[in-house]
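Peer 1: Predicted model and sequence below, questions to follow.
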Amino acid sequence: MKINLNPEVTPQSKIIVALDLPTAAEAIAICDRIPDVEFWKVGLELFIADGKIILQELKARNKKVFLDLKLHDIPNTVASACRVATKYGADFLTIHASGGKAMMQAAQAEVQDSNTQLLAVSLLTSTSARELASDLQVPLEVSDYVSHLVKLARDSGLTGIVCSPHEVANLRSQVKSINGDDLCFVTPGVRPAGTAHGDQSRVMTPKDAIAAGTNYLVIGRPITAAPDPVMAWENICQELS
Ligand SMILES: O=c1ccn([C@@H]2O[C@H](COP(=O)(O)O)[C@@H](O)[C@H]2O)c(=O)[nH]1
């Protein structure tokens, strides 16, 4: 069954915790410590190390799974990878919107009849306005560039978008999905007040991100790298309740 994009409004159900860890054993240890987490994200490091093991383990625990592979290649290659990825039973899978419409449409066609819903990564939350202009030489404001990519993803039939919480409110009012429903906005770049931003640029607190209209928050190191991950998780849930 495809997951509900507007989960029950408990703090836990809106938080996806990123398991950016080097082995399945370390990831499982974190899952054991925080059994209340309902939705886990498996990214490149863990997938390359131990993808099959961790994905089977999370599904065996009846957890929701976000497989964050951020695929970006020619349409045939991405579509084939998406077809194979659906076999893991992931609820969300990411591809890069900057791969273009043909790539996204081909990918969407492969997941259409599965329970996996595709999200388009717009502009990485680590990218600043300065980098967009100077390094990437994109002559647009961040908000205009993200909006352009989101429309491409919408026109390609994707379910949702990965963007910074800063962009959600504007995008929600501007862009509906092709069937008229709201797009699902999934936002990394979330930092509780007082925690290190690290490599993230376009950040917001959990409470402000929810107020901005995010469907799901993605939070990694503020929980998994905290001195006490259980307390970090509980503090964020408390902030949202
Ligand atoms: O634009 C993006 C897309 C994906 N991510 C991923 O989210 C988590 C964030 O982890 P933190 O430790 O909370 O920074 C990470 O797995 C990224 O790969 C993103 O940050 N930005």
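Peer 2: Noted; the coordinates are in hand.
Peer 1: and residue 93, what does it touch?
Peer 2: For residue 93, the contacting residues are 66-69, 71, 82, 85-86, 111, 116-119, by CB atoms under 8 Å, 6 or more residues apart in numbering. No exception for glycine: its C-beta is placed from N, CA and C like everyone else's.
Peer 1: Assumed it was part of a strand.
Peer 2: Yes: the assignment for residue 93 (DSSP: H, G, I helix; E, B strand; the rest coil) places it in a strand.
Peer 1: Who does it form a beta bridge with?
Peer 2: residue 67, residue 118 (DSSP bridges).
Peer 1: on that earlier part again, any chance of the contacts of residue 93 in TSV, plus distance to residue 127?
Peer 2: Output for the contacts of residue 93, formatted as TSV (distance: CB to CB, whole Å):
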residue	distance to residue 127
66	20
67	22
68	16
69	19
71	18
82	24
85	25
86	29
111	26
116	26
117	24
118	21
119	17
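Peer 1: The ligand next: which of those are close?
Peer 2: residue 68 (CB under 6 Å from any ligand atom).
Peer 1: The ligand: which of the contacts of residue 93 is nearest?
Peer 2: Closest approach between these and the ligand, by CB to the nearest ligand atom: residue 68, at 5.9 Å.
Peer 1: Test my guess that that closest one contacts residue 42.
Peer 2: Yes: using CB atoms under 8 Å, residue 68 is in contact with residue 42, at 6.7 Å.
Peer 1: still on that earlier bit, filter the contacts of residue 93 down to the buried ones.
Peer 2: Among these, those classed as buried by 16 or more other CB atoms under 10 Å are 66-69, 71, 82, 85-86, 111, 116-119.
Peer 1: What is the three-state secondary structure of residue 41?
Peer 2: When the rule is three-state DSSP, residue 41 gets the label strand.
Peer 1: gap between it and residue 174?
Peer 2: 26 Å (CB to CB, to the nearest Å).
Peer 1: So these two - more neighbours on which side?
Peer 2: residue 41 (24 against 12; other CB atoms under 10 Å).
Peer 1: Quick check: end-to-end length of stretch 194-206?
Peer 2: Distance across stretch 194-206, first residue to last, is 12 Å (CA to CA, to the nearest Å).
Peer 1: Flag every buried residue along it.
Peer 2: Buried residues in stretch 194-206, defined by neighbour count with 16+ other CB under 10 Å: 195, 200-206.
Peer 1: Pick the one among these closest to residue 162.
Peer 2: The shortest approach to residue 162 among the buried residues of stretch 194-206 belongs to residue 202, at 11.8 Å (CB to CB).
Peer 1: interface residues of this structure facing the ligand?
Peer 2: Going by CB under 6 Å from any ligand atom, the residues of the chain near the ligand are 18, 20, 43, 68, 121, 124-125, 162, 188-189, 200, 218-222.
Peer 1: In contact with the residue in the chain that the ligand sits nearest to, which residues?
Peer 2: Residue nearest to the ligand within the chain: residue 220 (2.7 Å; CB to the nearest ligand atom). Contacts for residue 220 (CB under 8 Å, 6+ apart) come out as 17-20, 41, 188.
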